[in-house]
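Engineer: sequence unknown, structure follows:
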């Protein structure tokens, strides 16, 4: 009776387990799921929306007239046989599998290694202006025969920072 007077809600009698039965506790804010399951669900929903929008753009925005003629011819032949819908579903499945393979097909990067001596550097590697990664002993440009031209870059920076200023010529009286 006291909670009616104060406007407070009575907390649930016990903790709520995740709706996906992963063993962690869920909360009503995340639809009774734990944070990891909730993030996974949101990610799957985003990927589904992305796949759906890309399929619609591919279906509606065919790039060449040859494709539209081919599809039109196939649908007219298939319409007589009653096979119009299986043709469309097959094309969508191929497109979905191509999209999922492009998303999941990220190559794993190996350990960071020095370009000169192939020593593992981990987080302590030094990136050079030539675009390579080096260990502590090869980090200087003279130690790894750096192809980057520091001289021309410095000249360009100085020229850009100090533009040539010429005074206007005075009219002679």
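Structural biologist: Good, I have the coordinates. Predicted model, so just to flag it, every value in this text is computed and none were measured.

Engineer: Now for the chain: which helix has the highest residue count?
Structural biologist: helix 35-60 (DSSP state H).

Engineer: Go through that helix and flag the buried ones.
Structural biologist: By neighbour count on 16 or more other C-beta atoms under 10 Å, the buried set for helix 35-60 is 37, 38, 51. C-beta: built from backbone N, CA, C; applies to glycine.

Engineer: what about residue 32, neighbour count?
Structural biologist: Counted with other C-beta atoms under 10 Å, the neighbours of residue 32 add up to 16.

Engineer: got the contact list for it?
Structural biologist: 16, 18, 19, 26 (C-beta atoms under 8 Å, 6 or more residues apart in numbering).

Engineer: dump the residue contacts of the second one.
Structural biologist: Which is residue 18. Residue 18 sits next to 24, 25, 26, 32, 33, 34, 37 when contact means C-beta under 8 Å, 6+ apart.

Engineer: ok, of the residues you listed, which come out buried?
Structural biologist: Burial by neighbour count, 16+ other C-beta under 10 Å: within the contacts of residue 18 this picks out 26, 32, 33, 34, 37.

Engineer: how about the first one, phi and psi?
Structural biologist: Right, residue 26. Backbone geometry at residue 26, expressed as degrees, to the nearest 10, gives phi -110, psi 170.

Engineer: Hmm, residue 34 and it touching each other?
Structural biologist: Yes. Counting by C-beta atoms under 8 Å, residue 26 touches residue 34, with 5.4 Å between them.

Engineer: Can you tell me how far residue 158 is from residue 112?
Structural biologist: Relative to residue 112, residue 158 is positioned 34 Å away (C-beta to C-beta, to the nearest Å).

Engineer: can you map out the strands along the protein?
Structural biologist: With DSSP state E as the criterion, the chain has strands at 126-127, 133-134.

Engineer: Can you say which of those is packed in most?
Structural biologist: Ranked by average neighbour count under the criterion mean count of other C-beta atoms under 10 Å, the strands of the chain are headed by strand 133-134 at a mean of 20.

Engineer: In the sheet, which strands lie alongside that one, parallel or antiparallel?
Structural biologist: Within its sheet, strand 133-134 is paired with strand 126-127 (antiparallel), according to DSSP bridges.

Engineer: for the strand it pairs with, what is the average pLDDT?
Structural biologist: Averaged across strand 126-127, pLDDT comes to 92.

Engineer: So which residues make contact with it?
Structural biologist: 133, 134, 135, 136, 139.

Engineer: pLDDT score for the fourth one?
Structural biologist: Pointing back at residue 136 there. Note for residue 136: predicted pLDDT of 92.

Engineer: and residue 158 and residue 112? which has more neighbours close in?
Structural biologist: Between residue 158 and residue 112, residue 112 has the larger neighbour count (other C-beta under 10 Å), namely 15 against 9.

Engineer: Many thanks, we can stop here.
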